[in-house]
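Visitor: sequence below, structure please.
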Amino acid sequence: MDAPSGIGERIARHRAHRGLTQEALAHSAGVSIDVVRRLEQGTRRTARLSTLASLARALDCDVATLLRPDASEPPRGDGIGLYGIRRVLTAPGVLPGFADFCDDTADTPDLAALRASAAHVWRLYQDGGYDAVSRLLPDLITDARNAARELAAADQAAAFGMLATACQASAGVAITLGQEDLAFIAVERAVSAAEQCGDPLHQASAANFLSWIYRRHGRLAEAEEVAVRAAEQCEPAWLSSSPEQVSVFGGLLLNAAGAAARAGRAQRSRDLSATARAAAARAGRDRVDQWVVFGPSVAAMNEVNNAVEYGDLDEARHLADVVPVQKAGVPATWSARYLLNVAQVQVEQRRAADAHATLQQVRALAPEWIRYHPQARTLVIHLLDRKGRPPKGLRELASHLQI
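Guide: Numbering: from 1, shown residues only. Predicted coordinates:
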């Protein structure tokens, strides 16, 4: 875990890189100079998420960069390795001019078995099972490539679609574990496979992942632009479109709204969310498929997340009161992300017991995922630093997060 001054050290490093004084950073971020000074001196271990978001915007990075102990490694003691994923994504046979490196002796996978494997891995990824996903993805990517090369033309499109899905899951695991270079490689491979698939939904889904990776990387304008452009290209005809088309369109808008929220553009985020909400109503229910996770409760949860991002906690609390009851189909990580923001509101309201109970709920939903989310770590630090006895079980939760 960080030393007490870990966040302050990263703020100071980014500030120096940009040539800013403490006063200039405080002015640009709209925060007190005392907050900047105390964070950098290590006399304050963390700050409100809205404050950290303002500092991150002023430093041209994202909040995760300031919170993550080491942007290149997962927490200590973790067994997840990405070597296998990196190896198959960067194999010479995938590069132009090196096709003769492909293994022509490999058996051609059965398409039905490949489809079942892809669906299994995709669901594991959505539920935050990164250890299992990282072990399964190399074989899935290899099998999907072999199928796309060896199967008859009628089946090649489906194989490329599954390859795109596997590469998107690779990108998601990589960015979660702080491997940004690998995430961009995986997204590039996903985009390429989606183009060869020829399915507009796969292409839009790959664009959605690219937008999300830009967003996690702090490249917020690009994240919004990619998502909005892709949404414009696949905007459905409302009276004749399929639920899948509506969901992909809505998912792109959610990503764009999230990027706008993180950039502090509250009204733009609300406008994009309103259109996504209409798409969710048209979709009728929450759905998880190989293209997107989307639906009424997903859209509602994202509006809460966005309100926390742009710092309107009263709005976040109001929106949380009207989030629909989540159905079993919503993946664990999506519910967990929303509940982290509920806990954020509870911390800001000084409802320590409620916040701790919500964090324990997040852990129960996604025990592996919570260890890699910087917001969970900073909330636990907040609760540990409060005066008085910490809620029962908080120290054990801190140990789970390696604090």
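Visitor: quick check: closest non-adjacent residue to Arg262.
Guide: Glu309 (5.0 Å; Cβ to Cβ, 6 or more residues apart in numbering). Bear in mind the C-beta positions are built from the backbone N, C-alpha and C, glycine included.
Visitor: next, count neighbours for the one you found.
Guide: Glu309 is flanked by 25 other residues according to other Cβ atoms under 10 Å.
Visitor: so what pLDDT did it get?
Guide: Note on Glu309: pLDDT of 89.
Visitor: strands of the chain, start to end?
Guide: With strands called from DSSP state E, the chain shows them at 287-288, 293-294.
Visitor: and the last one, which strands flank it?
Guide: Partners of strand 293-294 in the sheet, by DSSP bridges, are strand 287-288 (antiparallel).
Visitor: give me the distance from the partner strand to the chain's centre.
Guide: Mean-position distance between strand 287-288 and its chain equals 17 Å (Cα atoms, centre = their mean, to the nearest Å).
Visitor: quick check: mean pLDDT of that strand?
Guide: The model assigns strand 287-288 a mean pLDDT of 86.
Visitor: just stretch 89-100 next, same as before
Guide: 72.
Visitor: what does stretch 216-233 give?
Guide: 92.
Visitor: ok so, going back, for the strands of the chain, which one sits closest to Val63?
Guide: strand 293-294 (22.2 Å; Cβ to Cβ).
Visitor: that older thread, so the residue nearest to Arg262 versus Ala266, what's the distance?
Guide: To Ala266, Glu309 is 9 Å away according to Cβ to Cβ, to the nearest Å.
Visitor: and for Tyr338?
Guide: Relative to Ala266, and taking Cβ to Cβ, Tyr338 is found at 18 Å.
Visitor: which one's more surrounded, those two?
Guide: Higher neighbour count among Tyr338 and Ala266: Tyr338, with 24 against 17, using other Cβ under 10 Å.
Visitor: which pLDDT does the model give the more buried one?
Guide: pLDDT, Tyr338: 95.
Visitor: contacting residues around stretch 121-130?
Guide: For stretch 121-130, contacts defined as Cβ atoms under 8 Å, 6 or more residues apart in numbering pick out 80, 132-133, 136-137, 140, 165-166, 169, 172-173, 176-177, 288, 290, 293, 331-334, 336, 366-369, 372.
Visitor: do that again at 6 Å, thanks
Guide: 80, 132-133, 136, 140, 165, 169, 172-173, 331-333, 366, 368-369 (Cβ atoms under 6 Å, 6 or more residues apart in numbering).
Visitor: what's the end-to-end length of it?
Guide: Using Cα to Cα, to the nearest Å, the end-to-end distance of stretch 121-130 comes to 10 Å.
Visitor: circling back to that earlier point, any idea which of the contacts of stretch 121-130 the model trusts least?
Guide: Lowest pLDDT among the contacts of stretch 121-130: Ile80, 61.
Visitor: got any ranges where the stretch 201-350 of the chain has weak pLDDT?
Guide: Across the stretch 201-350 of the chain, the ranges flagged by pLDDT under 70 are 326-328.
Visitor: for it, just list every one of the helices.
Guide: 220-233, 243-262, 266-283, 296-309, 313-320, 332-348 (DSSP state H, counting those that start in this stretch).
Visitor: with the stretch 1-150 of the chain instead?
Guide: Under DSSP H, counting those that start in this stretch, the stretch 1-150 of the chain gives helices at 6-17, 22-29, 33-41, 49-58, 63-67, 83-89, 111-126, 130-150.
Visitor: what angle separates the fourth one from helix 33-41?
Guide: Between helix 49-58 and helix 33-41, the angle formed by their directions is 80 degrees, by axes from the mean of the first three to the mean of the last three Cα atoms, to 10 degrees.
Visitor: quick one: list the elements packing against helix 49-58.
Guide: helix 22-29, helix 63-67 (3 or more Cβ pairs under 6 Å, 6 or more residues apart in numbering; DSSP states H and E).
Visitor: now those helices as TSV including distance to Leu401?
Guide: Below are these laid out as TSV (distance: least, Cβ to Cβ, whole Å):
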stretch	distance to Leu401
helix 22-29	27
helix 63-67	12
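Visitor: lowest mean pLDDT across those helices, which one is that?
Guide: helix 63-67 (a mean of 71).
Visitor: which secondary structure elements does that one contact?
Guide: helix 49-58, helix 374-385.
Visitor: ok, Arg10 - contacts?
Guide: Arg10 neighbours (Cβ under 6 Å, 6+ apart): Leu66.
Visitor: now it: how far from Ala278?
Guide: When Arg10 is compared with Ala278 (using Cβ to Cβ), they lie 40 Å apart.
Visitor: before we move on, what about Tyr372?
Guide: From Tyr372 to Ala278 the distance is 33 Å (Cβ to Cβ).
Visitor: tell me which of the two has more neighbours.
Guide: Tyr372 (23 against 15).
Visitor: residues contacting the more buried one?
Guide: Thr176.
Visitor: count the neighbours of Gly198 for me.
Guide: Gly198 has 12 nearby residues by other Cβ under 10 Å.
Visitor: just for the stretch 51-200 of the chain, where's the confidence low?
Guide: Across the stretch 51-200 of the chain (using pLDDT under 70), the flagged ranges come out as 62, 64, 68-80, 96-107.
Visitor: run the last query once more with 50
Guide: Within the stretch 51-200 of the chain, the stretches with pLDDT under 50 are 70-79.
Visitor: contacts for stretch 233-249?
Guide: Residues contacting stretch 233-249 (Cβ under 6 Å, 6+ apart): 200-201, 204, 231, 279, 282-283, 287, 291-292, 294.
Visitor: same deal with stretch 382-400?
Guide: 347, 352-353, 356, 380.
Visitor: how about JSON lines for these, with neighbour count and distance to Asn305 added?
Guide: Formatted as JSON lines, the contacts of stretch 382-400 follow (neighbours: other Cβ atoms under 10 Å; distance: Cβ to Cβ, whole Å):
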{"residue": "Val347", "neighbour count": "24", "distance to Asn305": "15"}
{"residue": "Ala352", "neighbour count": "17", "distance to Asn305": "22"}
{"residue": "Ala353", "neighbour count": "12", "distance to Asn305": "23"}
{"residue": "His356", "neighbour count": "22", "distance to Asn305": "20"}
{"residue": "Val380", "neighbour count": "25", "distance to Asn305": "19"}
